[in-house]
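>>> pasting the sequence and the predicted coordinates here, then a few questions.
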Amino acid sequence: MNDKSVPDVSVIVGAYEAMPYLIRCLESVEAQTLGAGRIEIVAIDDGSTDGTGEYLDDFAARTSIPTRVVHQANSGGPSGPRNVGIDLARGRYLFFLDADDYFADESLERMVAMADRARTDVVLGKVEGVNRGAPGSMWRRTTARVDIYDSQVIYTLSAQKLFRRELVERLNLRFDEGLRTGEDALFTMEAYIRGNGVSVIADYTCYYLVGRDDGKHVTKSGSYTLRFDSVSALMALITELVPPGAKRDRLMVRPFTVGLIQQFGHGVLKQPKKIQRHKMALAAPLMARYWTPGVAARIKVTERLRLDCVALGRFDLLADMLAFVKAETVPEVVHRGRARTPYLVLPHFGDRSTGLPEESYRVTVPDWLGKPGLRRIEAPEAVRRRNSLPRRVVRGLRGQARHVALLRHRAA
């Protein structure tokens, strides 16, 4: 079916000071059941001084997998090496394998088969953390084609996925070398939005995300200003590619809840006032431009209120919200109107002088009161959907059937 001179997958490995993690990383590529003849490795030594470059050369000389090694001066981030790899890759698909991490044996075989079968441009293989956390909400079931606007895949925007090279070249997708963190989120989000579908493999762990013991993992480095840069860039990309409306609002939840809000967690209360003021100033234009009622309505009350405080420029109110959450206080629930709409009584509820509208306290998405598992609360709309006429009819018919069966059993 395929041109055998063209590998199925180009595994692109950007490596900087990667020893000894690089050893297991490359061994996992050699162990792939896809077979050496269907893989190529493009490895970029990004100015390492710990033996990474020498190990790559030795590996290339002895492995049965066609391997090309590029040595270059340090670029300062992962984007440059990945872009070099894209330019040199020949495979039908690309996979960006971090030098710290490693594959499970059947990873590439399963992902290529999924992409070929579903004809999708991006395949997500289940990720498991080793000595660190890993995203988990998107691995509920294996799905040949997901709707990015109605799934959890937007919560994994790292580069460790299978991308169809035709898509990458058609869109001229490259990693932003001006960003020092979050650059892969832009690449992946654009592939999600503009590509021909996304697949998810959830029934097999494909990728092991390793937390380095030496603390040199790139996601642990960099100042908070770099985080604001990456969040701003992702919000701008979504705005550019998706028209105003529900779809844009859904995608915009991601940079607000995984990115911006982390800058205003409990730790911010311990930071110097100068940094607190600077963070509020950096957030102000983002809140003014991108924080809309449609986005707010898709976020849980406690997170929404924190972001509302930031939008108002009120650090004092934010501190009150953080203290309430940290104390693990279970908020009272009050109901309004004939629909019995639930509102959570968090700090400053009903105090109009703060600028926080009562609407900010309304439950619009499923939420938990107290620790997860204590009490679940839902918006009336969700309850109504569950109790809609078709569902009630089905339940009624099932109930009648059980009743008839019981009468027959008694008669017998």
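Yep, that arrived.
>>> could you pull out the helices for the stretch 101-250 of the chain?
107-118, 165-170, 183-194, 224-241, 246-255 (DSSP state H, counting those that start in this stretch).
>>> kindly apply the preceding question to the stretch 251-400 of the chain instead.
273-290, 293-296, 301-312, 315-326, 380-386, 389-411.
>>> list the contacts of the shortest one.
When contacts are taken as Cβ atoms under 8 Å, 6 or more residues apart in numbering, the neighbours of helix 293-296 outside the stretch itself are Gly245, Ala246, Arg248, Asp249, Met252, Val253, Phe256, Arg304, Leu307, Asp308, Ser360. Where you see a C-beta, it was placed from the backbone N, CA and C, and this is true even at glycine.
>>> what's the closest non-adjacent residue to the first one?
The spatially closest residue to Gly245, leaving aside those adjacent along the chain, is Gly294, at 7.7 Å (Cβ to Cβ, 6 or more residues apart in numbering).
>>> next one: Ser75
The shortest distance from Ser75 to any residue other than its chain neighbours is 5.6 Å, reached at Asp46 (Cβ to Cβ, 6+ apart).
>>> mind listing what that neighbour touches?
Neighbour list for Asp46: Gly14, Ala15, Tyr16, Gln72, Asn74, Ser75, Gly80, Pro81 [criterion: Cβ under 8 Å, 6+ apart].
>>> which residues does it bridge with?
Gln72 (DSSP bridges).
>>> for Leu56, see how far away it is.
Asp46 is 11 Å from Leu56, where distance means Cβ to Cβ, to the nearest Å.
>>> need the overlap of contacts for these two.
Going by Cβ under 8 Å, 6+ apart, residues that sit against Asp46 and also against Leu56 are Ala15.
>>> could you list the domains of the protein?
Annotated domains of the chain cover 9-216, 223-378, 385-412 [automatic domain parsing].
>>> most neighbours per residue, which of the ones you listed?
Among the domains of the chain, domain 9-216 has the highest mean neighbour count (mean count of other Cβ atoms under 10 Å), at a mean of 19.
>>> how much space separates Val242 from Leu22?
38 Å.
>>> Ala159 and Tyr290, how far apart?
Ala159 sits 24 Å away from Tyr290, going by Cβ to Cβ.
>>> I meant Asp8, not that one.
39 Å.
>>> about what we covered before: in terms of mean pLDDT, which of the domains of the chain ranks lowest?
With a mean of 48, domain 385-412 has the lowest mean pLDDT of the domains of the chain.
>>> residues contacting Ala118?
Going by Cβ under 8 Å, 6+ apart, Ala118 touches Ala144, Arg145, Gly197, Ser199.
>>> switch to 6 Å and redo it
Going by Cβ atoms under 6 Å, 6 or more residues apart in numbering, Ala118 touches Ala144, Arg145, Ser199.
>>> now it. Nearest residue, chain neighbours left out?
Distances taken as Cβ to Cβ, 6+ apart place Ala144 nearest to Ala118, at 4.1 Å, with adjacent residues excluded.
>>> picking up where we left off before, make JSON lines out of the helices of the stretch 101-250 of the chain and add distance to Val333.
Shown next, in JSON lines, are the helices of the stretch 101-250 of the chain (distance: least, Cβ to Cβ, whole Å):
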{"stretch": "helix 107-118", "distance to Val333": "43"}
{"stretch": "helix 165-170", "distance to Val333": "47"}
{"stretch": "helix 183-194", "distance to Val333": "35"}
{"stretch": "helix 224-241", "distance to Val333": "32"}
{"stretch": "helix 246-255", "distance to Val333": "23"}
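>>> for the ones you listed, which one sits closest to Asp176?
Asp176 lies closest to helix 183-194 among these, at 4.9 Å (Cβ to Cβ).
>>> just to revisit the earlier point, quick one, which of the helices of the stretch 101-250 of the chain gets closest to Ala89.
With Cβ to Cβ as the criterion, Ala89 lies closest to helix 165-170 of the helices of the stretch 101-250 of the chain, at 6.4 Å.
>>> hmm, who's touching the closest one?
Leu94, Asp121, Gly195.
>>> where is the longest strand in the protein?
Secondary structure of the chain per DSSP state E: the longest strand is strand 198-210.
>>> counting contacts, what elements does that one pack onto?
Helices and strands touching strand 198-210, by 3 or more Cβ pairs under 6 Å, 6 or more residues apart in numbering; DSSP states H and E, are helix 107-118, strand 122-130, strand 143-146.
>>> distance to Ser64 added to the ones you listed, as CSV?
Shown next, in CSV, are the helices and strands packed on strand 198-210 (distance: least, Cβ to Cβ, whole Å):
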stretch, distance to Ser64
helix 107-118, 15
strand 122-130, 23
strand 143-146, 32
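>>> looking at the ones you listed, which is closest to Ala319?
Here strand 122-130 is closest among the helices and strands packed on strand 198-210 (Cβ to Cβ), at 31.9 Å.
>>> contacts for that closest one, please.
In contact with strand 122-130 (Cβ under 6 Å, 6+ apart) are residues 107, 111, 114-115, 134, 139, 161-163, 191, 195, 198-202, 205-210.
>>> chain center to that strand, what's the gap?
Centroid displacement of strand 122-130 relative to its chain, using Cα atoms, centre = their mean, to the nearest Å, is 11 Å.
>>> kindly report the same for stretch 248-265.
The answer for stretch 248-265 is 11 Å, by Cα atoms, centre = their mean.
>>> same deal with stretch 257-277?
Mean C-alpha position of stretch 257-277 versus that of the full chain (Cα atoms, centre = their mean) differs by 21 Å.
>>> do the same with stretch 15-22
Relative to its chain's centre, stretch 15-22 lies at 25 Å (Cα atoms, centre = their mean).
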